[in-house]
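# Sequence and predicted structure are below.
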Amino acid sequence: MRLNKLSRALRDAYQGSDVRHRVQHFEGWIDRAAPEAGYDHTETVKEYYNLCSGFMVKGWSESLHFAPLTPQESIEESQVRHQRLMISQLELQQGMTVADVGCGVGGPMRRVAREAGVRVVGININTIQLEEAKRLNAEAGLDHMVDYEACSFMDMSAIADDSFDGGYAIESTCHAPDKQGAFEEIFRVLKPGALFWGQEMCLTDTYDPNDHRHQAIKRDLMRGIALNDIATFGEVNEALEAAGFSAIEGMDRDMQQGPSTPWYQPMASRHGTLGTALHRLPLGRKAFFAGTKLAEAMRLFPKGSAEVVRLLDRTADAYVEGGRTGIFTPLYCFLARKPL
């Protein structure tokens, strides 16, 4: 994303608001959630992406998700390989209509539509991300293959039962305040026999709930990524089955055969992935923070933008700690089917 595009994206997202105050308020969500009457976690998630999406696209890619990495690939190439695995597992065929649950700015959506030849419906509560997805889809010449629903995946009442031939949710239902409730709503809108592919951020079996360091890392991850909780593999499987799905497989896809790179490595060092960008690394993130402060002073970026970069830098540190200790993975991938 070039500087002028990032500047436009930030101005569209922040709309002249007090960004510094919004970041401070967002970072306190985890302390307000339990005691605050009427707390709505979907609003916290929406604010997270309102604040961070522009910088996330700049720092990662239009596909706002992790992927299994190899030393021979860039992050973007690994994401393409991962998305193609998903397409293959979903057994997509031309003429199908598929739900992208929590579609972000549509990176995976564009690959699914282009390569599988299916119609995709992007479901997202964040209208700023949806507008960016529409713009990027039009630029890619794919707008005729995509529809959009601006709603929460916790309540897709605007969509009829048995609407989709398949569906996928990439790092989206991990934000759900009620995972079983989210899966039940996805179950409802899928046709009988439809396949559902998901990618969840999870705690691994290494996590020790009595270890204070593990507890602190979990809390930092929850706060920085707007996760109401972090499920274990077993809890994801239980929620799927309770919603009515028949589980076909589930695995941590960071565990690969052959040469591989830990999923968090691009945020830790340049070793292990092809062409790791400097702005993803600890020193590069600090330099990008300084550059953002300068862009604020030159009125290229809205005032307070650097606080969002600081938030993302702290979250990157939490990702790395979660990965290095082995207690966290963003790559628990499952395939399930709605029974006939």
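Cool, got the structure. Numbers count the residues shown, from 1 in each chain.
# Show the residue spans covered by the strands in the chain.
97-101, 119-123, 146-149, 164-170, 190-203, 231-232, 246-252, 328-337 (DSSP state E).
# Can you check what angle separates the first one from strand 119-123?
It stands for strand 97-101. Angle, strand 97-101 to strand 119-123, by axes from the mean of the first three to the mean of the last three C-alpha atoms, to 10 degrees: 20 degrees.
# re earlier: need the strands of the chain in a markdown table (columns: mean neighbour count and mean pLDDT).
In this view, the C-beta of every residue, glycine as well, is placed from N, C-alpha and C. Below are the strands of the chain laid out as a markdown table (neighbours: other C-beta atoms under 10 Å; pLDDT from 0 to 100):
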| stretch | mean neighbour count | mean pLDDT |
| --- | --- | --- |
| strand 97-101 | 24 | 98 |
| strand 119-123 | 24 | 98 |
| strand 146-149 | 18 | 97 |
| strand 164-170 | 26 | 98 |
| strand 190-203 | 22 | 98 |
| strand 231-232 | 18 | 98 |
| strand 246-252 | 14 | 97 |
| strand 328-337 | 22 | 98 |
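# quick one: furthest residue from the center of this structure?
M298 (31.4 Å; C-alpha atoms, centre = their mean).
# Output the below-cut-off pLDDT ranges for the stretch 201-340 of the chain.
Under the criterion pLDDT under 70, the flagged ranges of the stretch 201-340 of the chain are 272-276.
# Let's see that with 90 instead.
Along the stretch 201-340 of the chain, segments meeting pLDDT under 90 span 255-260, 269-281.
# Also the stretch 1-150 of the chain?
1-5, 31-39, 72.
# please redo it, this time with the cut-off set to 70
For the stretch 1-150 of the chain (pLDDT under 70), the answer is 1, 35-37.
# mind listing the helices for it?
3-14, 19-27, 29-33, 41-59, 75-89, 107-116, 127-139 (DSSP state H, counting those that start in this stretch).
# okay if I get the ones you listed as TSV plus mean neighbour count?
Output for those, formatted as TSV (neighbours: other C-beta atoms under 10 Å):
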stretch	mean neighbour count
helix 3-14	17
helix 19-27	16
helix 29-33	15
helix 41-59	21
helix 75-89	18
helix 107-116	22
helix 127-139	18
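# Export the ones you listed to CSV and append columns for distance to R188.
Compiled in CSV, the helices of the stretch 1-150 of the chain are given as follows (distance: least, C-beta to C-beta, whole Å):
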stretch, distance to R188
helix 3-14, 31
helix 19-27, 31
helix 29-33, 27
helix 41-59, 18
helix 75-89, 22
helix 107-116, 21
helix 127-139, 22
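# T261 is nearest to which of these?
helix 75-89 (8.6 Å; C-beta to C-beta).
# Check which helices and strands the closest one sits against.
Helix 75-89 sits against helix 107-116, strand 190-203, with contacts defined as 3 or more C-beta pairs under 8 Å, 6 or more residues apart in numbering; DSSP states H and E.
# returning to that earlier point: with T315 as the reference, name the closest of the helices of the stretch 1-150 of the chain.
helix 41-59 (8.6 Å).
# Please look at P177 and D155 and confirm they touch.
No: counting by C-beta atoms under 8 Å, P177 sits too far from D155 to count as a contact (11.5 Å).
# the more surrounded of these two?
P177 (17 against 13; other C-beta atoms under 10 Å).
# Quick one: the strands of the chain as CSV, columns for distance to E76 too.
Formatted as CSV, these follow (distance: least, C-beta to C-beta, whole Å):
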stretch, distance to E76
strand 97-101, 19
strand 119-123, 20
strand 146-149, 21
strand 164-170, 15
strand 190-203, 17
strand 231-232, 28
strand 246-252, 22
strand 328-337, 17
